[in-house]
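> no sequence for this one, just the structure:
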């Protein structure tokens, strides 16, 4: 009841306060050390871009791999379907072979 609500409010207030402090600290740091801030932001952007590129490359690779799996599976299914469709023909030829014996 009330204890949970109080706990939620305390946590929420702490999160907001920490967020504001971090924002102020970031702004102060950027003003105080502009070159370092630019380098850090560039590093973060480069890292984010690299992660995005790797992730999209991995997704494309997985998509290609699953497409190959699907096509292999599809060819196997077609093979099985052709065997099933020839089943009567095979059974009839075996029956004729048995009759001639």
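Structure received. Predicted, not measured: the structure shown is a model, and the values here were computed from it. Numbers count the residues shown, from 1 in each chain.

> So in this protein, where's the weakest helix or strand by average pLDDT?
In the chain, the helix or strand scored least confidently by mean pLDDT, DSSP states H and E is helix 34-100, which has a mean of 85.

> Give me the most central residue, the protein.
Most central residue of the chain, judged by C-alpha distance to the mean C-alpha position with CA atoms, centre = their mean, is residue 59 at 6.4 Å.

> mind checking how far residue 13 is from residue 22?
Residue 13 sits 15 Å away from residue 22, taking CB to CB, to the nearest Å as the criterion. For the C-beta atoms, the positions are set from N, CA and C on the backbone; glycine is no exception.

> rewinding a little: quick one: the residue nearest to the centre of the chain and residue 72, what's the gap?
In this structure, residue 59 and residue 72 are separated by 20 Å, where distance is defined by CB to CB.

> how much does the helix or strand hosting residue 24 deviate in direction from helix 34-100?
Using DSSP states H and E, residue 24 maps to helix 2-32. For helix 2-32 against helix 34-100, the angle by axes from the mean of the first three to the mean of the last three CA atoms, to 10 degrees is 120 degrees.

> Let me see the contact set for the residue nearest to the centre of the chain.
Residues in contact with residue 59 (CB atoms under 8 Å, 6 or more residues apart in numbering): none are found.

> What's the separation between it and residue 70?
When CB to CB is applied, the distance between residue 59 and residue 70 equals 16 Å.

> what do you get for residue 85?
Summarising the geometry, the distance separating residue 85 from residue 70, computed by CB to CB, is 22 Å.

> Then residue 93?
Note on residue 93: its distance to residue 70, by CB to CB, is 34 Å.

> chain center to stretch 90-101, what's the gap?
55 Å (CA atoms, centre = their mean, to the nearest Å).

> actually stretch 59-70, not the one I wrote
Remark: stretch 59-70 is offset 12 Å from the chain centroid, using CA atoms, centre = their mean.
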